[in-house]
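Undergrad: Based on what follows, work out the 3D shape:
(2 chains)
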Amino acid sequence: MKSLGSIRRSFAPWADPASKPFISVKNVTKKFGDFTAVDDLSLNIYTREFFALLGASGCGKSTLLRMLAGFEQPTSGEIILDGQSLAGIPPYRRPVNMMFQSYALFPHMTVETNIAFGLKQDGMPKADIAERVGQMLKLVKLEKFAKRKPHQLSGGQRQRVALARSLAKRPKVLLLDEPLGALDKKLREETQFELMDLQQELGLTFVVVTHDQEEAMTMADRIAVMSHGKVVQVATPAEIYEAPNSRFVADFIGDVNIFDGTVFAAENGYLRIETGNGFPIRMASPEKPAIGAKAAAAIRPEKIRVSRQPPAHAPINAVEGEIWDIGYLGDMTVFHVRLKDGRVVKASSLNAVRAVEDPFGYDQQVWISFGEDAGVVLKD
Amino acid sequence: MGNWSRFNIASIVLGFGFLYLPIVLLVIFSFNESKLVTVWAGFSTKWYAQLWHNQALLDAAWVTIRVALISATCATVLGTLAALALVRYTRFRGRMLFSGMVYAPLVMPEVITGLSLLLLFVAIGLDRGFWTITLAHITFTMCFVAVVVQSRLLSFDQSIEEAALDLGATPVRTFFAITLPVIAPAVFSGWVLAFTLSLDDLVISSFTTGPGATTLPMKIYSQVRLGVTPEINAICTILIGIVAIGVVVASIVTKQREAQREKDERAAFAQ
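TA: You can find the predicted model right below:
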């Protein structure tokens, strides 16, 4: 059986109707004056899940996270954690901890006392605190820095202190607000995998807020794409990328070519969409809209082939054009192909070999083509 | 060190002369042997020794220090609370009016502040004396503390308070364990400012004083009206010394902390 993307682990409680969600957000709305930050939003998050809230700034993802932490109260609706309503419970009585975007380390305390702070609030015996702090320092590999103050640490080290501090109390849920936002690219990529390993090792539920789609795709079991206070799609990274449910998601995640047209024919699982200028598209679709309805085909650039000769299935899913721009990125090359009617199609190809015989050049006449299951049909 | 052109040197000499000549003269004449202030008759420290036998002056000094300690401490508490309210609760009604009113005493003529306080004390039938001076000093130094603490709070990363709450600290514990230690330097400078303002206030003290409560500036002022004595010069020199030492120590401490911080930061990025 075919499946979308790569399967990292057989973990999919959301697909099992018998499993109970660990965090349940039910019809939550949050208003600040006239502005609605979160709009009638419902979500389920499961135990041991790595869940990402992804969206542009101002989409309400941070507000949702702050409601989970208890810094904001929902205007209406409720949040249930492990069977218990969180309504009216202040942040200092919630079994969740948060890692802040700015790290929010206490500047007047050492690394050690920062990590011990939460444990002290619980009245844990001194010997136990020392032991736990030792474990945490080891976990984030900062044993040598226990006596330093935050301003004596580099950005990456501060990030790890913040992580250790938020994990020290062994919360049921760890909330992470743009956890890698302040790190440089290389360190960020390393840390993404470290965070994933840590989450697996500790068996915790992670809810991470990010605006970086790559970060969300890499780390999360499921992603909720948010826009204007609403969840647009909740799905695994592979589903979000390969089967976006709307134009917004298709456009927001990665690059995409969207061909608008009208439904011309529908037959056993395939739709024929007329996009004008003699370029008909035949695309697999589980749904069967009415003939003449508006529809669009969304196809990712890497699923479009560029060739000199027309493919056998031309003119269906194939059209002639001219190479307009070439972007060489190292691992792949991006072609912008201009069709006769002026539309520009993006196609990319992996540079699997170092040297190419007879490469494409500017202004060349080429054909672009794609398979019948290369993309999805969008209704909006 | 730039160019030592004649113009630059002249500017510096003129500027500093203008600022410090009167003070230098005062210090010099405090060591004058002669009782006549304007005639130099040789070096002596006898006026300093004589200070210790002037009970009235010592009493006034003691009153001044007590007023300054109590009023600076109360003003620091009130001023810090006012600053917190102004910075944190940005959305309450009448905030503009409230913040304007906190700062009004900064620009209000002291005579008016003093007079209005006097009227208040008379109206509510409070016996004027030590406590009315202290109350008046709290009133006018509080806004200076509020300004100093407020400017610190504006650059305060509020997420560290949220982090403390998140880790299980109640709001009260958060204030004492996190907020206060972080803003402590600003609170302390507010206190020092309030203390010095109270120490040298003359106008408001004169309005709100009563029998038996004479502060040092009031004492000096009343003695000067009878003629300047080298004794006055001596006590002024001591005051100048105290203030100068305070300022120098404070700036050295700040400099050293900054240098240490820079060193630490360099060390952090070196590895």
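
Undergrad: Show the backbone phi and psi for the residue of the stretch 1-150 of chain B found nearest chain A.
TA: Going by CB to the nearest CB, chain A is nearest to residue B:91 of the stretch 1-150 of chain B, at 9.0 Å. For the C-beta atoms, the positions are set from N, CA and C on the backbone; glycine is no exception. Dihedral angles of residue B:91 (phi, psi; degrees, to the nearest 10) stand at phi -110, psi 10.

Undergrad: how many other residues sit next to it?
TA: Counted by other CB atoms under 10 Å in any protein chain shown, the residues lying close to residue B:91 total 8.

Undergrad: before we move on, what about residue B:152?
TA: 19.

Undergrad: just residue A:332 next, same as before
TA: 14.

Undergrad: check contacts around it.
TA: A:302, A:348-351 (CB atoms under 8 Å, 6 or more residues apart in numbering or on different chains).

Undergrad: Run through the stretch 101-250 of chain B and note the low-pLDDT ranges.
TA: The model of the stretch 101-250 of chain B has no residue with pLDDT under 70.

Undergrad: And residue B:2, what's its pLDDT?
TA: If you check residue B:2, the pLDDT there is 58.

Undergrad: Can you pull the phi/psi pair for residue A:367?
TA: The phi/psi pair for residue A:367 (degrees, to the nearest 10) is phi -110, psi 140.

Undergrad: in the stretch 251-380 of chain A, what residue is nearest chain B?
TA: Closest point on the stretch 251-380 of chain A to chain B, by CB to the nearest CB, is residue A:252, at 27.4 Å.

Undergrad: contacting residues around that residue?
TA: A:56, A:213, A:225, A:227.

Undergrad: Now do the phi/psi pair for the first one.
TA: Spelled out, that is residue A:56. According to degrees, to the nearest 10, residue A:56 has phi -70, psi 170.

Undergrad: next structured bit after the helix or strand hosting residue A:273?
TA: Using DSSP states H and E, residue A:273 maps to strand A:270-274. Following strand A:270-274 in sequence order, the next helix or strand is strand A:280-284 (DSSP H and E).

Undergrad: Out of the contacts of residue A:252, flag the one nearest to residue B:112.
TA: Distances from residue B:112 to the contacts of residue A:252, taken as CB to CB, are shortest for residue A:56 (54.6 Å).

Undergrad: For burial, what's the neighbour tally of the closest residue to that closest one other than its chain neighbours?
TA: Among residues not flanking residue A:56 along the chain, residue A:211 sits closest, at 6.2 Å (CB to CB, 6 or more residues apart in numbering or on different chains). Counted with other CB under 10 Å, the neighbours of residue A:211 add up to 17.

Undergrad: distance of residue A:211 from chain B?
TA: 18 Å (CB to the nearest CB, to the nearest Å).

Undergrad: Then residue A:218?
TA: 25 Å.

Undergrad: That residue: what's it in contact with?
TA: Residue A:218 neighbours (CB under 8 Å, 6+ apart): A:192-193, A:196, A:237.

Undergrad: Show me which pair in the residues you listed is furthest apart.
TA: A:193 and A:237 (14.7 Å).

Undergrad: Show me which of these two is the more surrounded one.
TA: More crowded of residue A:193 and residue A:237, by other CB under 10 Å: residue A:237, with 23 against 11.

Undergrad: you'd agree the more buried one is up against residue A:215?
TA: No - Residue A:237 is beyond contact range of residue A:215, at 10.8 Å (criterion: CB atoms under 8 Å).

Undergrad: Any residues of the stretch 151-271 of chain B in contact with chain A? List them.
TA: For the stretch 151-271 of chain B, the residues in contact with chain A (CB under 8 Å from any CB of the partner chain) are B:157, B:159-160, B:162-171, B:173, B:177-178, B:181-182, B:261, B:264-265, B:267-269, B:271.

Undergrad: Could you rerun that using 7 Å?
TA: By the rule CB under 7 Å from any CB of the partner chain, the part of the stretch 151-271 of chain B lying against chain A is B:157, B:159-160, B:162-170, B:178, B:181-182, B:261, B:264-265, B:267-269.

Undergrad: Can you select the buried ones among those for me in PyMOL?
TA: Per 16 or more other CB atoms under 10 Å in any protein chain shown, the buried members of those correspond to this PyMOL selection:
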select buried, chain B and resi 159+160+162+163+164+165+166+167+168+169+178+182+268
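
Undergrad: Could you report the neighbour count for residue 61?
TA: Let's take chain A. Neighbours of residue A:61 (other CB under 10 Å): 28.

Undergrad: Switch to chain B, please.
TA: 19.

Undergrad: Contact partners for the residue lying closest to it once chain neighbours are set aside?
TA: Take residue B:61 and drop its neighbours on the chain: the residue closest to it by CB to CB, 6+ apart is residue B:216, 5.1 Å away. Residue B:216 makes contacts with B:60-61, B:64, as judged by CB atoms under 7 Å, 6 or more residues apart in numbering or on different chains.

Undergrad: Which single one of the contacts of residue A:252 is nearest to chain B?
TA: Using CB to the nearest CB, these come closest to chain B at residue A:56, 21.3 Å.

Undergrad: Next one: the closest one, what pLDDT does it get?
TA: Residue A:56 is given a pLDDT of 90.

Undergrad: my read: residue A:94 touches residue A:70, true?
TA: Yes - assessed by CB atoms under 7 Å, residue A:94 is found in contact with residue A:70 at 5.0 Å.

Undergrad: between those two, what contacts are shared?
TA: Common neighbours of residue A:94 and residue A:70 (CB under 7 Å, 6+ apart) are residue A:86.

Undergrad: Leaving out chain neighbours, which residue sits closest to residue A:87?
TA: Closest to residue A:87 by CB to CB, 6+ apart is residue A:78, at 5.5 Å.

Undergrad: My reading is that residue A:258 lies in a helix. Confirm?
TA: No - going by DSSP: H, G, I helix; E, B strand; the rest coil, the assignment for residue A:258 is strand, not a helix.

Undergrad: Next, the contact list for it, please.
TA: Residue A:258 neighbours (CB under 7 Å, 6+ apart): A:247, A:250, A:296, A:298.

Undergrad: re earlier: just send the contacts of residue A:332 back as TSV, with neighbour count too.
TA: Listed next are the contacts of residue A:332 as TSV, based on neighbours: other CB atoms under 10 Å in any protein chain shown:
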residue	neighbour count
A:302	16
A:348	19
A:349	16
A:350	9
A:351	14
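
Undergrad: ok now stretch A:158-166, how far from the chain's centre?
TA: The chain centroid and the centroid of stretch A:158-166 are separated by 23 Å under CA atoms, centre = their mean, to the nearest Å.

Undergrad: Send me it as PDB with only the CA atoms.
TA: Provided in PDB are the C-alpha atoms of stretch A:158-166 (Å, rounded to 0.1, in the frame of the first residue of the first chain):
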ATOM      1  CA  ARG A 158      21.300  29.500  27.700                       C
ATOM      2  CA  GLN A 159      18.800  27.600  25.500                       C
ATOM      3  CA  ARG A 160      19.800  24.300  27.200                       C
ATOM      4  CA  VAL A 161      19.500  25.800  30.700                       C
ATOM      5  CA  ALA A 162      16.000  27.000  29.900                       C
ATOM      6  CA  LEU A 163      15.200  23.500  28.700                       C
ATOM      7  CA  ALA A 164      16.700  21.900  31.700                       C
ATOM      8  CA  ARG A 165      14.800  24.300  34.000                       C
ATOM      9  CA  SER A 166      11.400  23.600  32.300                       C
END
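
Undergrad: Which residues does it contact?
TA: By CB under 7 Å, 6+ apart, stretch A:158-166 touches A:97-100, A:103, A:105, A:111, A:114-115, A:117-118, A:136-137, A:139-140, A:142, A:150, A:153, A:174, A:183.

Undergrad: Now do the contacts for residue B:56.
TA: Contacts of residue B:56 (CB under 7 Å, 6+ apart): residue B:219.

Undergrad: per-residue pLDDT, it?
TA: 85.

Undergrad: For it, give its distance to residue B:134.
TA: 20 Å (CB to CB, to the nearest Å).

Undergrad: ok, now which ones touch residue A:257?
TA: Residue A:257 neighbours (CB under 7 Å, 6+ apart): A:299, A:301, A:304, A:345-346.
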